[in-house]
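Chemist: Got a predicted model here, sequence first, then my questions.
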Amino acid sequence: MDIEFCQSCAMPMNKNVNGTNDDGTKNKDYCMYCYQKGEFTSGMTNGRND
């Protein structure tokens, strides 16, 4: 079984920690700590402050 990781913070992911898109669906790329309601929770992603 492959383990997926958050593309922002590298946290190991499962369906319980997926972030959410703006329509309420689960986002498979980012965890709930980095991505909620279609937006990043902070100004930093992948170590960059864009």
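Modeler: Structure received.
Chemist: if you skip the residues just before and after it, what's nearest to residue 18?
Modeler: The spatially closest residue to residue 18, leaving aside those adjacent along the chain, is residue 26, at 4.1 Å (C-beta to C-beta, 6 or more residues apart in numbering). Using the backbone N, CA and C atoms, a C-beta is placed for each residue, glycine as well.
Chemist: how many other residues sit next to that neighbour?
Modeler: The criterion is other C-beta atoms under 10 Å. On that basis, residue 26 has 12 neighbouring residues.
Chemist: Could you check the pLDDT of it?
Modeler: The pLDDT attached to residue 26 in the predicted structure is 95.
Chemist: hang on, it packs against residue 15?
Modeler: Yes. Under the criterion of C-beta atoms under 8 Å, residue 26 is in contact with residue 15, at a separation of 6.8 Å.
Chemist: ranges for the strands of this structure?
Modeler: Ranges of strands within the chain are 4-5, 12-13, 18-20, 26-31, 35-36, 39-40, 44-45, 48-49, based on DSSP state E.
Chemist: Show me what the third one is in contact with.
Modeler: To tie it back to what came earlier, the one meant is strand 18-20. If you take C-beta atoms under 8 Å, 6 or more residues apart in numbering as the criterion, strand 18-20 is touched by 6, 26-38.
Chemist: Please identify the pairing partners of that strand and their relative orientation?
Modeler: Take DSSP bridges as the rule and strand 18-20 pairs in its sheet with strand 26-31 (antiparallel).
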